[in-house]
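Asks: Can you look at this prediction? I've put the sequence above it.
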Amino acid sequence: MDLCRLTIHEAGELLRRREISSLQLTQAALDRIREIDGNLRALVTVSQELALQQANEADQRIRQGNGTPLTGIPAVIKDNMCTRGTRTTCSSRMLENFIPPYDATVVEKLNGCGMVMVGKGNMDEFAMGSSTEHSAFSPTHNPWDLSRVPGGSSGGSAVAVASDEAIYALGSDTGGSIRQPAGFCSVVGLKPTYGRVSRYGLVAFASSLDQIGPLTKDVTDCALVMNAIAGHDPRDSTSLPHPVPDYAQSLIPDLKGLRLGVPQEYFVEGMQKGVEEAIRSAVARLEELGAEVDWGVSLPHTRYGLAAYYIIAPSEASANLARYDGVKYGFSVGEAESMWDAMEKTKQGGFGPEVKRRIMLGTYALSAGYYDAYYLKAQQVRTLIRQEFDQACEKFDALITPTSPTVPFKIGEKVDDPLQMYLSDVCTLPINIAGVPAISIPAGFADGLPVGMQIIGKPLSEEVLLRIAFAYEQATEWHKQRPKL
Amino acid sequence: MKLSREEVKHLALLVRLGLSDAEVERFREQLSDILEAFEVLQQVDTTDVSPTAHSIALGNVLRDDEPAPSLPADEVLANAPSQEEDYFRVRAVLE
């Protein structure tokens, strides 16, 4: 049996029956990482010593009979979530040697469940990017074709799961950073409703858009991870106080009575034909499974989402990243003429090109004379986009779209053309603008490369999304396919 | 919207971001292109539309002020580029 290929629920069952130990499972994951990660570069840090210690503790806990569904299961955490004692770099020179003195709430919660953390996931620097090429350390490679990108910014987390280096991972999603790499790597990725999961200890990028969520091998695992990480946190004043359901209860393979809408604006100009075909046949499958489908929904403000997003997110980023001044932690230049000179040189040397570009863009949008024309205008368009989703959600239980207009593109293809790179988020970023939840699940292949289907719901409707995703998954075999490495 | 080199340098100064001459020129071109593409927003009628800063309608969130342990000072200071006793060491602010 290949232990690395197991899902959380499969491995959990074997652990409970004592047919395997967490130590064996963890060792298998570490061996797999050693064997293949040199080519994939999914991980910034491999936390072998910690993982083996956590595995021993998990085995003890299981023997005592008080394990949870996640006890002893190897995981990867995106490298923008603070892990006490394990460096947290955001794939940036700025934080290359930063050792957090505390755990993010999600890490604390997973540790409480008995997580085994095998490593920290590579990403676009400070989560700014759609290909993981903007990592200061190395681009991550797509396991389905090593010459292509895995998507981003949570590319390392998605690749770790897709290539069986870990059984599940956490990512963060500001404009598609969980869903787009999930789609590109053929795994399941959920961006929960804004506020459903605590952001405490997540290195801030755009605070009104950032949200943490799971990347998993199937929908059942997604529900299990959500059960562990969702909920109110007094340390994050934007976390929602609503009670957390048992998400595993929503895994019902039947779509009778559900109304689904397909918004035509998401089948954009420049969309690849193979992607469109895969999504249209996936929706037809949902119809066969009992859902009522309206193929002609219109969300006309979708076309303004990209511009609104790339004003709002960089504006928030330019404020959030002002903290990296070389004084309290992080990269700092030694030689400088004055305090201001030191600060300028620290940012110049610590940040990569995309981060600098977004800081500049955000500063422009917020600066005197341009605030009304850019930032305020974008915030007003945000209202209209949200209203459009709210109206659609009165008529539909969920909306179905492609996760990305294309299959994974070649490494190097878009990295020097920021506008082209931004366009790869065109189907995912309106969801962050509106703050609603969405999941990407495997929906087939075009030219041998993965295609993701995005299911969008109203606020706090994660259960509906999981039900639709589960029903589709039960009726298809896409999620069982693995890249040949 | 075409930016000048001076405007780019002014923006960099506002955020204290050091840029080489090559970076100033590259950002001048790229930011000009990006801002031009964003002019599409001016087509949207936003008369009487209030701005959304946040997608959830939360008001002020209050809690009781209860003392709790702070982060361990030695672990926090261990990340500082320069420290002295229990303090961050900084450059002279006033010349």
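Replies: Received the coordinates, thanks.
Asks: check contacts around residue B:16.
Replies: When the contact criterion is C-beta atoms under 8 Å, 6 or more residues apart in numbering or on different chains, the partners of residue B:16 are A:325, A:340, A:343-344, A:347. The way it works is simple: take the backbone N, C-alpha and C, and place the C-beta from them, glycine included.
Asks: The residues you listed, buried ones only, as a PyMOL selection?
Replies: Buried subset of these, written as a PyMOL selection, criterion 16 or more other C-beta atoms under 10 Å in any protein chain shown:
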select buried, chain A and resi 325+343+344+347
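Asks: give me the subset of the contacts of residue B:16 touching chain B.
Replies: Counting by C-beta under 8 Å from any C-beta of the partner chain, A:325, A:340, A:343-344, A:347 from those sit close to chain B.
Asks: Those residues: which two are farthest apart?
Replies: Longest distance between any two of the ones next to chain B among the contacts of residue B:16 is 11.1 Å, between A:340 and A:347; criterion C-beta to C-beta.
Asks: follow-up on the earlier one: mind putting the ones next to chain B among the contacts of residue B:16 into JSON lines with secondary structure and pLDDT?
Replies: As requested, those are exported to JSON lines (DSSP: H, G, I helix; E, B strand; the rest coil; pLDDT from 0 to 100):
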{"residue": "A:325", "secondary structure": "coil", "pLDDT": "93"}
{"residue": "A:340", "secondary structure": "helix", "pLDDT": "93"}
{"residue": "A:343", "secondary structure": "helix", "pLDDT": "95"}
{"residue": "A:344", "secondary structure": "helix", "pLDDT": "97"}
{"residue": "A:347", "secondary structure": "helix", "pLDDT": "98"}
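Asks: Please, where are all the helices along the stretch 301-450 of chain A?
Replies: Counting by DSSP state H, counting those that start in this stretch, the stretch 301-450 of chain A has helices at residues A:305-320, A:339-350, A:353-366, A:377-395, A:418-423, A:429-434.
Asks: Tell me which of those helices is the most buried.
Replies: Compared across those, helix A:429-434 shows the largest average neighbour count, a mean of 28 (mean count of other C-beta atoms under 10 Å in any protein chain shown).
Asks: which residues touch the residue in chain B that chain A sits nearest to?
Replies: Distances between chain B and chain A by C-beta to the nearest C-beta are smallest at residue B:55, namely 2.4 Å. Residue B:55 sits next to A:194, A:208, A:386, A:433-436 when contact means C-beta under 8 Å, 6+ apart.
Asks: And the strands in the chain?
Replies: Since no chain was named, I'll use chain A. A:43-46, A:74-78, A:116-121, A:168-173, A:188-191, A:211-216, A:259-263, A:292-297, A:398-402, A:438-446, A:449-456 (DSSP state E).
Asks: I was after chain B.
Replies: Using DSSP E, the strands of chain B run over B:83-84, B:87-88.
Asks: Turn the ones you listed into TSV, columns for mean neighbour count.
Replies: Below are these laid out as TSV (neighbours: other C-beta atoms under 10 Å in any protein chain shown):
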stretch	mean neighbour count
strand B:83-84	13
strand B:87-88	13
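Asks: Of the ones next to chain B among the contacts of residue B:16, which is the nearest to chain B?
Replies: Comparing the ones next to chain B among the contacts of residue B:16 against chain B with C-beta to the nearest C-beta places residue A:344 closest, at 3.6 Å.
Asks: you'd agree the closest one is up against residue B:20?
Replies: No. In this structure, residue A:344 is not within contact of residue B:20 by C-beta atoms under 8 Å, at 11.4 Å.
Asks: in chain B, what spans have low per-residue confidence?
Replies: Applying pLDDT under 70 to chain B flags no residue at all.
Asks: do that again at 90, thanks
Replies: B:1-2, B:53-64, B:91-95 (pLDDT under 90).
Asks: Now the most centrally placed residue in it. Its backbone dihedrals?
Replies: For chain B, the residue nearest the mean C-alpha position is residue B:15 (7.2 Å; C-alpha atoms, centre = their mean). As for residue B:15, its main-chain torsions (degrees, to the nearest 10) stand at phi -100, psi 10.
Asks: All the helices of chain B, residue numbers only.
Replies: Assigned by DSSP state H, the helices in chain B fall at B:5-14, B:21-38, B:73-77.
Asks: The shortest one near chain A anywhere?
Replies: Right, helix B:73-77. Yes. Applying C-beta under 8 Å from any C-beta, one finds that helix B:73-77 is in contact with chain A at B:75-76.
Asks: Tell me which residues of that helix come out buried.
Replies: The neighbour-count check on helix B:73-77 (16+ other C-beta under 10 Å) flags B:76-77 as buried.
Asks: which residues sit against stretch A:475-485?
Replies: With contact meaning C-beta under 8 Å, 6+ apart, stretch A:475-485 is reached by A:5, A:36, A:39-40, A:143-144, A:162-164, A:186-188, A:217-219, A:253, A:285, A:288-289, A:441-445, A:473.
Asks: tell me the mean pLDDT for it?
Replies: The predicted model gives stretch A:475-485 an average pLDDT of 95.
Asks: in stretch A:51-62, what's buried?
Replies: Quick answer for stretch A:51-62 (16+ other C-beta under 10 Å): A:51-52, A:54-59, A:61-62.
Asks: Likewise for stretch A:13-23?
Replies: Of all the residues in stretch A:13-23, those buried under the rule 16+ other C-beta under 10 Å are A:14-15, A:20-23.
Asks: For the stretch 201-350 of chain A, give me the ranges with low pLDDT.
Replies: For the stretch 201-350 of chain A, the stretches flagged by pLDDT under 90 are A:268-270, A:334-335.
Asks: Spatially, and excluding backbone neighbours, which residue is closest to residue A:36.
Replies: Nearest residue to residue A:36 in three dimensions, chain neighbours excluded: residue A:485, at 5.4 Å (C-beta to C-beta, 6 or more residues apart in numbering or on different chains).
Asks: Pull the number of nearby residues for that neighbour.
Replies: By other C-beta atoms under 10 Å in any protein chain shown, 14 other residues sit near residue A:485.
Asks: Any figure for the gap between it and residue A:163?
Replies: 6 Å (C-beta to C-beta, to the nearest Å).
Asks: between the two, what contacts are shared?
Replies: Common neighbours of residue A:485 and residue A:163 (C-beta under 8 Å, 6+ apart) are A:36, A:40, A:143.
Asks: which ones are touching the second one?
Replies: Residues in contact with residue A:40 (C-beta under 8 Å, 6+ apart) are A:140-141, A:143, A:146, A:159, A:163, A:165, A:485.
Asks: Which ones among those residues lie within helices?
Replies: residue A:159.
Asks: Now the two most distant members of the contacts of residue A:40.
Replies: Across the contacts of residue A:40 (C-beta to C-beta), the longest gap, 14.6 Å, separates A:146 and A:165.
Asks: and those two? which has more neighbours close in?
Replies: Higher neighbour count among residue A:146 and residue A:165: residue A:165, with 30 against 12, using other C-beta under 10 Å.
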